[in-house]
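J.: The amino acid sequence is not available; the structure is as follows:
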């Protein structure tokens, strides 16, 4: 069965530091992978997605993620954290034939300290 | 371009009362999703529509939940009667429905339901 694991339910970084949010997936078929961000009292916003094209995917707000098949990972990074990046981040996976049903991770709460 | 619109944003009701949530998707989006999100968790799909047809309602608790998408545009999700465990954020999302599994879902702000 397909699944998503986000390592670390809470991550804290200093402003200007590297952001690394981890996502590992389990899929027996080629996956489609997504990162979403959720700000307090708001819906989810797509940051980026992987759909079998380039393995390094660039998204909005300076975020990027690299698909590594050998490690079954799709970690989200940003070189320099801003205070405005504080939010909940969700990794999700689906695959062809799954009727576009996303399988979601439990989320990682990112705190950015001044 | 307007995003996904949901109303109300917040709702407090007593258990056993009915409640309804409304969603207007992005114009031109054929696919509409209703999710439930509990605190500290990812969204859980309740139902997916392709135009006016419910193509996946396997996770919808049909004894108390119902949904409709008349004319394939806006949609209403209803709970009757509500239970304490229904307290959650109800999210609506929409997508074009033309990109297969890579279809991007756009989310509304959600309705936070509190059942007392």
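T.: Yes, it's here. All of these numbers come straight from a predicted model, not from anything done at the bench. Numbers count the residues shown, from 1 in each chain, chains lettered A, B, ... in the order given.

J.: Residue B:28 against residue B:96, yeah?
T.: Yes. Between residue B:28 and residue B:96 there is a contact under Cβ atoms under 8 Å: 7.0 Å. Every residue, glycine included, has its C-beta placed from N, CA and C.

J.: More neighbours: which of these two?
T.: For residue B:28 versus residue B:96, neighbours defined as other Cβ atoms under 10 Å in any protein chain shown are more numerous around residue B:96 (14 against 10).

J.: May I ask you to confirm that residue B:71 belongs to a strand?
T.: No. Counting by DSSP: H, G, I helix; E, B strand; the rest coil, residue B:71 is not part of a strand but helix.

J.: OK, contacts around it?
T.: By Cβ atoms under 8 Å, 6 or more residues apart in numbering or on different chains, the contact list for residue B:71 reads residue B:52.

J.: Any figure for the gap between it and residue B:35?
T.: According to Cβ to Cβ, to the nearest Å, residue B:71 stands 22 Å off from residue B:35.

J.: cool, residue A:87 as well?
T.: In terms of Cβ to Cβ, residue A:87 sits 18 Å off from residue B:35.

J.: between the two, which one's more packed in?
T.: Taking neighbours as other Cβ under 10 Å, residue A:87 and residue B:35 compare with residue B:35 leading, 26 against 21.

J.: What's the mean pLDDT across the host helix or strand of the more buried one?
T.: Using DSSP states H and E, residue B:35 maps to strand B:31-37. Taken as a whole, strand B:31-37 carries a mean pLDDT of 95.

J.: and if you look at stretch B:10-28?
T.: Stretch B:10-28 shows an average pLDDT of 96 in the prediction.

J.: do that stretch and chain A meet at all?
T.: No. If you take Cβ under 8 Å from any Cβ of the partner chain as the test, stretch B:10-28 misses chain A, and the best it gets is 9.2 Å.

J.: Show me which residues of that stretch are buried.
T.: By neighbour count on 16 or more other Cβ atoms under 10 Å in any protein chain shown, the buried set for stretch B:10-28 is B:11, B:13, B:19, B:21, B:23-26.

J.: Need those in TSV (columns: distance to residue A:100 and secondary structure).
T.: Formatted as TSV, the buried residues of stretch B:10-28 follow (distance: Cβ to Cβ, whole Å; DSSP: H, G, I helix; E, B strand; the rest coil):
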residue	distance to residue A:100	secondary structure
B:11	28	strand
B:13	32	strand
B:19	27	strand
B:21	22	strand
B:23	17	strand
B:24	20	strand
B:25	15	coil
B:26	16	coil
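
J.: Tell me which two in these are the farthest apart.
T.: The largest separation in the buried residues of stretch B:10-28, counting by Cβ to Cβ, is between B:13 and B:26 at 28.5 Å.
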